[in-house]
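[1] okay, predicted coordinates and the sequence, questions at the end:
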Amino acid sequence: MQTTAILILQNGTIFYGKNTGIQGTFLGEIVFNTAMTGYQEILTDPSYSNQFIVFTYPHIGNIGINSNSSESKKIHAKGIITKNLSSIDSHYTSQKNLVQYLQENNIISITDIDTRKLTKILRISGTQYGCITTNINISTQKILKKILKYSKLPKLNITLKKTTKKKYIWYPHPLSTNTKKKNINNINFKKKKLLHVIVYDFGIKKNILEILFKKKCSITVVPANTKIKEILLLNPSGILLSNGPGDPRTCLESIKQIKKLLLYKIPIFGICLGHQILALAAHAKIIKMKFGHHGSNHPVKNLINNRIFITTQNHNYTIDPNSLNSNIKITHVSLFDQTIQGISLKNSPSFGFQGHPESSPGPHDIKILFENFIKNMLKKESTCQKEKI
């Protein structure tokens, strides 16, 4: 059943549309995503926490929802904004339609609005805070005051709400912290000839873990604020800093621990938020972008070999190029706006990438970064073996 819904932006712009999700009044940050496919993966990406997603593609929902395409256990977006939302699903993998999925996850939606106009506002004015409400009698001025108050709330470390509460060994498709291995420290990964990757969970996506597993890695996922002492006891071959939501500058304890880990020359791979945390640990600065990058069609140039990659992006923050020191080398840049997309550290086998190399959804062009991470770990393990001999 459709009801009337209203979208109000912090600049006072009002859109009238329809609602097919849950009813109520919700506040959030509004970002637009240009991907044409992969709406289920986008909705279940923890990086979208506290955000309303504007889908610029005019029609979503037609392939329905299935149990295998989610990147986490639930929808993390605050709500969705789209031109058309299909209540009819037609695909052999579909188990339910998108409208049902939104209702089950208590997600508000607004449809039948001019998403092109809305996207232009966001591009010109920058990312906006806003409100979606099904209360058509509510005072606009009252809502604008709520939005202003919401926009001025202190920026908190959202990763602490998204991270795992305890460490666990990851196997394909558990999506939980359950493990039969009670004492992770006693597992002999070297004897099993597996590369042991420690994943700092800032809001991890399932496909990142699946790629590592397929590359013969044993994976231990740890909370965002895990101390260096506990990391070293796990005897890692390498460390992955995952994607996640929010402002990386609020992740003070994580930055502190990664800064210490860099001294041990353990291979580190940072993805999206993890890339930004790596940069902060290397004494660079992070700035907020005007409207960020959200989509699966972003061209990125590798400055080492001049190759161009089409990538998936999802971030509102970027490294300040004026803050780089001599230890940080830029490896990739965006061909849309020349923002920094990749870095490597000269005094450590560590690198980061701003986009999403796990490509879920999106093109697989930049998956080669996982191969680079594997090579760094193999080199580290080989060096350790020679030192023992």
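    Nice, I can see it.

[2] so who does the nearest residue to Asn84 once chain neighbours are set aside touch?
    In space, Asn84 comes closest to His59 once its chain neighbours are excluded; the distance is 4.4 Å by CB to CB, 6 or more residues apart in numbering. In short, each C-beta sits where N, CA and C put it, glycine included. Contact partners of His59, counting by CB atoms under 8 Å, 6 or more residues apart in numbering, are Thr82, Lys83, Asn84, Ser86.

[3] contacts only, for the residue nearest to the first one when sequence neighbours are not counted.
    Looking back up the chat, that one is Thr82. Taking CB to CB, 6+ apart, and ignoring the residues beside it in sequence, Thr82 has Phe55 as its nearest neighbour in space, at 4.5 Å. With contact taken as CB under 8 Å, 6+ apart, Phe55 is in contact with Phe32, Asn33, Ala35, Tyr39, Ile80, Ile81, Thr82, Lys83, Thr115.

[4] can you rerun that using 7 Å?
    In this structure, Phe55 makes contact with Asn33, Tyr39, Ile80, Thr82, judged by CB atoms under 7 Å, 6 or more residues apart in numbering.

[5] nearest to Ile330 among these?
    Using CB to CB, Asn33 is the member of the contacts of Phe55 that lies nearest Ile330, at 25.9 Å.

[6] which strand residues bridge the nearest residue to Thr339 once chain neighbours are set aside?
    Excluding its sequence neighbours, the residue lying closest to Thr339 (CB to CB, 6+ apart) is Thr318, at 4.7 Å. Applying DSSP bridges to Thr318 gives these bridge partners: Ile287.

[7] for Thr318, give me the pLDDT.
    We have a pLDDT of 98 for Thr318.

[8] spit out the contact partners of it.
    With contacts defined as CB under 7 Å, 6+ apart, Thr318 is in contact with Ile287, Met289, Thr339, Ile340, Gln354.

[9] change it to 10 Å
    Contacts for Thr318 were tallied using CB atoms under 10 Å, 6 or more residues apart in numbering; they are 275-276, 279, 286-289, 292-293, 334, 337, 339-341, 354.

[10] take these and keep only those in strands.
    Within the contacts of Thr318, membership in strands is found for Ile286, Ile287, Lys288, Met289, Gly292, His293, Ser334, Ile340, Gln341, as judged by DSSP state E.

[11] ok, now which ones touch the first one?
    Residues touching Ile286, when contacts are defined by CB under 10 Å, 6+ apart, comprise 247-249, 273, 276-277, 279-280, 317-320, 323.

[12] neighbour-wise, which of those leads?
    Leu273 (32 neighbours; other CB atoms under 10 Å).

[13] which pLDDT value goes with the spatially most central residue of the chain?
    Centroid check for the chain by CA atoms, centre = their mean gives Ser47 as the closest residue, at 3.6 Å. At Ser47 the predicted local confidence, pLDDT, stands at 97.

[14] same question for Thr20.
    Reading off the per-residue confidence, Thr20 sits at a pLDDT of 85.

[15] how far away is it from Lys78?
    Thr20 sits 16 Å away from Lys78, taking CB to CB, to the nearest Å as the criterion.

[16] from the ones in strands among the contacts of Thr318, which two are the most distant?
    Maximum pairwise distance in those, criterion CB to CB, is 16.5 Å, between Lys288 and Gln341.

[17] how about the helices of the stretch 201-350 of the chain, start to end?
    Using DSSP state H, counting those that start in this stretch, the helices of the stretch 201-350 of the chain run over 206-214, 228-233, 252-261, 273-281.

[18] okay, these, which one's buried deepest?
    helix 273-281 (a mean of 28; mean count of other CB atoms under 10 Å).

[19] quick check: longest helix of the protein.
    Ranked by residue count, the top helix of the chain under DSSP state H comes out as helix 368-388.

[20] now do that helix: which elements does it pack against?
    Other helices and strands packing on helix 368-388, by 3 or more CB pairs under 10 Å, 6 or more residues apart in numbering; DSSP states H and E, are strand 195-200, helix 206-214, strand 217-222, strand 238-241, strand 268-271, strand 328-334, strand 350-353.

[21] about what we covered before: model confidence at the residue nearest to Thr82, what's the number?
    In this prediction Phe55 is given a pLDDT of 98.

[22] before we move on, what about Lys155?
    We note a pLDDT of 90 for Lys155 in this prediction.

[23] pLDDT-wise, which helix or strand of the chain ranks last?
    Averaged element by element with mean pLDDT, DSSP states H and E, the chain has its least confident helix or strand at helix 368-388 (a mean of 88).

[24] can you list the weak-confidence ranges in the stretch 151-300 of the chain?
    In the prediction, the stretch 151-300 of the chain carries residues with pLDDT under 70 at positions 173-192.

[25] please repeat the previous calculation with a cut-off of 50.
    The model of the stretch 151-300 of the chain has pLDDT under 50 over residues 174-182.

[26] host element of Leu118?
    With elements taken from DSSP states H and E, the one containing Leu118 is helix 115-125.

[27] contacts for that helix?
    Counting by CB under 10 Å, 6+ apart, residues outside helix 115-125 touching it are 7, 9-11, 13, 15, 17, 30-34, 54-58, 81-84, 114, 128, 130, 290-292.

[28] out of these, which end up buried?
    Burial by neighbour count, judged by 16 or more other CB atoms under 10 Å, picks out 7, 9-10, 15, 17, 30-34, 54-57, 81-83, 128, 130, 291-292 from the contacts of helix 115-125.

[29] report the residue ranges of every domain in the chain.
    In the assignment given by automatic domain parsing, the structural domains of the chain cover 3-151, 159-388.

[30] sorry, back to before: could you dump the ones in strands among the contacts of Thr318 into JSON lines and include distance to Thr25?
    Putting the ones in strands among the contacts of Thr318 into JSON lines (distance: CB to CB, whole Å) gives the following:
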{"residue": "Ile286", "distance to Thr25": "32"}
{"residue": "Ile287", "distance to Thr25": "32"}
{"residue": "Lys288", "distance to Thr25": "26"}
{"residue": "Met289", "distance to Thr25": "28"}
{"residue": "Gly292", "distance to Thr25": "25"}
{"residue": "His293", "distance to Thr25": "29"}
{"residue": "Ser334", "distance to Thr25": "36"}
{"residue": "Ile340", "distance to Thr25": "38"}
{"residue": "Gln341", "distance to Thr25": "37"}
